[in-house]
Structures are given as structure tokens and as C-alpha cells.
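Need coordinates for the below:
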Amino acid sequence: MLERSIPWASTYGNHDEQYNLSREAIYLEENKYDLSLTRHSPSGVPGITNYFIPVFAEHYVTVNPAFILWFFDSRGGRSFQNQEQPPAIPDWVASATVEWFKSTQSQIYRQWGYMPPSLAFVHIPPTAFLKAQQDLGRKDYRGRPIPGNRKSRHFPGLNEDVPLAHQGDGKQDLSFMQALLDTPGLHSIYSGHDHGDSWCANWPNTTSFGKVSRPHLCFCKHTGYGGYGTWNRGSRIVEITFEALTGKLEVATWVRMEDGDTVQLVSLNETYGSDVYATGDGE
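Below is the predicted model of the structure:
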């Protein structure tokens, strides 16, 4: 990133704090670089990296952003230098963070007079991802998803971490998911955590949240050289197109493999879920 002068922004997850590893120290190290756009959470908000970045349209004179990138710290891991038992950190977006999220939206309304469209990034996927995974493919005689079923013509991508590991036990992130659904113009949510999943899906229809198609849900690819699994490495690319006159946001996304191959190209639009794509994923 430094060699190519590419700015970056990050949010932390369960492998960013352990007995000998500090989230705060990681942030301070990132903050040494001018290219880093990573921001620290406000005081009193659990986790280090809860923040947003406004993105402004190029060649379009306006004081308002074209869209917003939200970042949430899903926490998890082990408390730094804490020998007490149990030292585990809760692995979900905290309720205090949800309140910050909602109050920040109110501030944005007051400042800009509207809520720009947005994308969200959080390392550990919300529980909605699990229901989406269950809806993706074939099930066995007990109704359980079959690992390795990745040849969906509507939702291409690797689906071999089954069931996926979501935030908490499925209850602690309910307020977070509701806040996401209540955010006007939230287009899509991107998570990592599960190295054997790299698909996109629509928000699942559940009795708890009603029938919705957005925000879309996407797994990012296992990129690094650490962690579990032997799947080929790659990175999810997200291309955002903003139409200044209408304010419409369009998103295309694909996975670029380590060897340079491009796979799983999809358009996250109003017809995603009914559009047909190539099933080959190169993995």
C-alpha cells in the first residue's frame, strides 16, 4: 500500500487483540502513516475502530458527500495483558456502538440535510449472514446446508465454511442488525472472518425483520497468509459508481485471485438474486 501510494482504512476483529497483542497499539501503528484513513472510536464506544468516512464525487462541485463508508469493530479475541479468567472479549458490535451509530446518523442529517447512500464493513458477520447462507444452497435430509455447495447460478462464490461463525450467539447483534436495516440508503455490508466463504447474497427474509432485499451481504476473500484453511487466496474488489445528478449508487464486485484471475463478478442491483452468473469460481 505504501509503495503504491494507496490510502486505506481498516476495522478490527477477533484476531486483533490477544494477551500479547493490543488493538490500541495496532491503531497507533497505523496512525503513523499519512495514507491511513483508519479512525479511532469516540470515547465511550466499545472497540477501537468505529467510525465513518465521507466520500466526495470527483469533478462534481458539492459540499455534501456522494456516499459514506461505515466501519464497525466487532471486537472478540482476548484481553491484552489480562490473566484473569475468562479474558475473552465479546465478539459482537456492542449496544453502545449501536447508539453511537444512530446518533451519528442524526448528526449527519443535521449537517447535510439527508443521509447519503452507504456501505458498511465489519469483520465478524452479523447473524443475518447465517440465514442467508442457509438459503443459498442444497440441504441434507436434516435440513442442514451441505458444505462445498458453491455452484449457485444466482449467488456465485465459495461456500465451504458451513455453518459460518457469526456475531455472538445470534441474539446480541439484533439491535445492530435492526440499526443497519433502519439506515436509509445502506447498500451493502462486507465481512471477513470465515476463510472458506466468499459469496454475496441478499438480506434474508425473516419474520423478525420482515421482507427486505437490501442491504446486500458479501464475504470478503481470505487474503492473508495466516489463519486456518488451504483455500486459494484472493481479495474482494468493490467498484462503486455514483451518478451525481440522481444520487444513484451502483456497485459491482468480484474476487481477484492471487494469480490474477478475476472470478465471481456480480452487480449488486435491484435484480440481484434473479440474475444468472457463471458458476465457476476459480478456487
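
where are the low-confidence patches of the stretch 1-150 of the chain?
Within the stretch 1-150 of the chain, the ranges that satisfy pLDDT under 70 run 59-62, 85, 137-150.

Could you pull out the strands in it for me?
Along the stretch 1-150 of the chain, the segments classed as strands by DSSP state E, counting those that start in this stretch run 51-55, 67-72, 118-122.

Of those strands, which stretch is the most buried?
Looking across the strands of the stretch 1-150 of the chain with neighbours counted as mean count of other CB atoms under 10 Å, the highest average goes to strand 118-122: a mean of 24. (Each C-beta comes from the backbone N, C-alpha and C, glycine too.)

I'd like the strands of the stretch 1-150 of the chain as a markdown table, with distance to residue 89 appended.
Shown next, in a markdown table, are these (distance: least, CB to CB, whole Å):
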| stretch | distance to residue 89 |
| --- | --- |
| strand 51-55 | 19 |
| strand 67-72 | 15 |
| strand 118-122 | 15 |
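
Which among those strands is found nearest to residue 175?
Residue 175 sits nearest to strand 67-72 of all the strands of the stretch 1-150 of the chain, at 12.5 Å, using CB to CB.

which helices and strands sit right next to the closest one?
strand 51-55, helix 95-112, strand 118-122 (3 or more CB pairs under 8 Å, 6 or more residues apart in numbering; DSSP states H and E).

Tell me where the stretch 151-283 of the chain has helices.
Taking DSSP state H, counting those that start in this stretch as the test, the helices found in the stretch 151-283 of the chain are 174-181.

Work out which residue lies at the spatial centre of this protein.
residue 190 (2.1 Å; CA atoms, centre = their mean).

That residue bridge partners, please.
residue 121, residue 218 (DSSP bridges).

now do the one 10 residues further on
With DSSP bridges as the criterion, the beta-bridge partners of residue 200 are residue 218.

wait, doesn't it sit right on residue 253?
Yes - because the distance of 6.6 Å satisfies CB atoms under 8 Å, residue 200 is recorded as touching residue 253.

With neighbour numbers in mind, choose between these two.
residue 200 (24 against 20; other CB atoms under 10 Å).

ok, the more buried one - contacts?
155, 157, 188, 216-219, 253, 264, 266, 268, 272 (CB atoms under 8 Å, 6 or more residues apart in numbering).

Compare the helices and strands packed on strand 67-72 and give me the one nearest residue 14.
Nearest of those (CB to CB): strand 118-122, 11.6 Å.

where's that closest one relative to the chain centroid, distance-wise?
5 Å (CA atoms, centre = their mean, to the nearest Å).

swap in stretch 231-250?
Chain-centre distance of stretch 231-250: 13 Å, with CA atoms, centre = their mean.

That stretch spans what distance, first to last residue?
This stretch, stretch 231-250, spans 30 Å end to end (CA to CA, to the nearest Å).

Give me the residues contacting that stretch.
Under CB under 8 Å, 6+ apart, the answer for stretch 231-250 is 55, 57, 60, 62, 66-67, 117, 119, 158, 160, 185, 187, 190, 195-196, 198, 218-225, 251-259, 263, 267, 269, 282-283.

do stretch 262-269 as well
156-157, 187-188, 198-200, 216, 218, 234, 250-257, 272, 275, 277, 280-283.

Dump the contacts of residue 200 to JSON lines, plus distance to residue 131 and pLDDT.
Shown next, in JSON lines, are the contacts of residue 200 (distance: CB to CB, whole Å; pLDDT from 0 to 100):
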{"residue": "155", "distance to residue 131": "13", "pLDDT": "88"}
{"residue": "157", "distance to residue 131": "17", "pLDDT": "90"}
{"residue": "188", "distance to residue 131": "16", "pLDDT": "97"}
{"residue": "216", "distance to residue 131": "14", "pLDDT": "96"}
{"residue": "217", "distance to residue 131": "10", "pLDDT": "97"}
{"residue": "218", "distance to residue 131": "15", "pLDDT": "97"}
{"residue": "219", "distance to residue 131": "14", "pLDDT": "96"}
{"residue": "253", "distance to residue 131": "21", "pLDDT": "97"}
{"residue": "264", "distance to residue 131": "21", "pLDDT": "91"}
{"residue": "266", "distance to residue 131": "20", "pLDDT": "94"}
{"residue": "268", "distance to residue 131": "18", "pLDDT": "95"}
{"residue": "272", "distance to residue 131": "17", "pLDDT": "90"}
